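> the sequence and its predicted three-dimensional model are supplied below.
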Amino acid sequence: MSMRVYNSLNEVEEASGRNRIVAIGVFDGVHRGHRRILDKTVEKARQGGALSAAVTFYPHPEGVLHPRSAPRMLTSLERKASLLEALGLDELVVVKFDLEFARLSPEAFCRLVLSDRLGARVVLVGDNFRFGYRGAGTAADLRDFGDAHDFEFVSVALAVEDGEPVSSTRIRRLIRAGHVVQAARLLGRPHRLQGTVVQGAGRGRTLDAPTANLEVTAGMALPAMGVYVTRSFVDGSVAGPSVTSLGTNPTFESDRKIRVETLLLEQGGDLYGRSLEVDLLERIRGQRAFPDAASLATRIRRDSEFARGYFETCREP
């Protein structure tokens, strides 16, 4: 049975009984810390014959409240839904986060959303969860509200790795620095870029390295500029080993525009207009300018050989 997705609270029929075990959070990345909450949600639902539901917010609350410092996303909403479904969730409720919703008091959030609309039997959040107007509500407050609104409250301790909590902010920082192996360890899988293949300059063919130019979904977290070992997926199917370059192409271009170009090592053909996803497995090197096309072509061959060796020795996280 596939997970049911509600794209707004209004799509959810008001509950006639306490039949939902609800996890609340942005869940950007659906990382190892999130899964502690989500796995407990699924487990409790199965034990109690109830529905397991994840409540998330879109757009990201920080992007609405502080647009200039909006975080880059680890997962698109579509990707997040796919990951949540794979964990066994029965339902995903996407709450539109806008300034009107942000003005709800903590008490109103519990009454209108958790109790009246969702009919929560149990509510699970991480220890650091904040909610309601200006984040006034804490996990401790949820326990009191639960007593008043007839739902059980469970606070889940944060996952810790190397003495620091596993968080989306920490993972974004690692990705931004190019530390994709460490980020993958915290995510539980490689960070993935996704988008559509668009027309490029066509210069790769002259270098005997025809690349797919990826127009990445807007707002996604991008790694430090450089060249990476990747695994690619075309239209949702595995296309195999690849090398992905992310940078301004300083050898030929002067516009400083960041480009994402992927060289598939085992598959060719016209990919224009098709969906392309790349998992970032390991950083090969940083971006650099080359004196001429021949030097760049030689380096591309070396990068490709590095990637082939990577897959041959099974070093994928």
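The structure has been received and is ready for your questions. Numbering: from 1, shown residues only.
> now do stretch 78-85, average pLDDT.
For stretch 78-85, the mean pLDDT works out to 97.
> can you give me the buried ones in that stretch?
Neighbour-count burial for stretch 78-85, counted by 16 or more other C-beta atoms under 10 Å, picks out 79-81, 83-85. Backbone N, C-alpha and C define where each C-beta goes, glycine included.
> and what of stretch 8-28?
9, 12, 15, 18-28.
> kindly report the same for stretch 86-105.
87, 89-95, 97, 101, 104.
> so which of the residues you listed comes closest to Leu51?
Asp90 (4.6 Å; C-beta to C-beta).
> which residues touch Arg231?
190, 238, 240-242, 278-279, 281, 316 (C-beta atoms under 8 Å, 6 or more residues apart in numbering).
> which of those residues has the weakest pLDDT?
For the contacts of Arg231, the pLDDT minimum is Glu316, 52.
> closest to Val64 out of the buried residues of stretch 8-28?
Looking across these and measuring by C-beta to C-beta, the closest to Val64 is Val26, at 11.6 Å.
> now tabulate the buried residues of stretch 78-85 in a markdown table and tack on distance to Pro67 and secondary structure.
Compiled in a markdown table, the buried residues of stretch 78-85 are given as follows (distance: C-beta to C-beta, whole Å; DSSP: H, G, I helix; E, B strand; the rest coil):
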| residue | distance to Pro67 | secondary structure |
| --- | --- | --- |
| Arg79 | 23 | helix |
| Lys80 | 21 | helix |
| Ala81 | 24 | helix |
| Leu83 | 26 | helix |
| Leu84 | 26 | helix |
| Glu85 | 30 | helix |
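> those into a markdown table, with extra columns for distance to Asp292?
Shown next, in a markdown table, are the buried residues of stretch 78-85 (distance: C-beta to C-beta, whole Å):
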| residue | distance to Asp292 |
| --- | --- |
| Arg79 | 40 |
| Lys80 | 44 |
| Ala81 | 47 |
| Leu83 | 44 |
| Leu84 | 49 |
| Glu85 | 49 |
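> distance between stretch 163-171 and the chain's centre?
With C-alpha atoms, centre = their mean, to the nearest Å as the basis, stretch 163-171 stands 14 Å off its chain's centre.
> using CSV, write down the CA coordinates of that stretch.
Presented in CSV, the C-alpha positions along stretch 163-171 are these (Å, rounded to 0.1, in the frame of the first residue of the first chain):
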residue,chain,number,x,y,z
GLY,A,163,30.0,14.4,20.0
GLU,A,164,27.7,16.6,17.9
PRO,A,165,23.9,16.2,17.1
VAL,A,166,23.0,14.9,13.7
SER,A,167,21.2,17.8,12.1
SER,A,168,20.3,19.2,8.7
THR,A,169,22.3,22.3,9.5
ARG,A,170,25.4,20.2,10.2
ILE,A,171,24.9,18.1,7.0
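> so which bits of that stretch are buried?
Buried residues in stretch 163-171 (16+ other C-beta under 10 Å): 165-168, 170-171.
> just the ones of those in helices?
With DSSP state H as the criterion, helices contain 168, 170-171 from among the buried residues of stretch 163-171.
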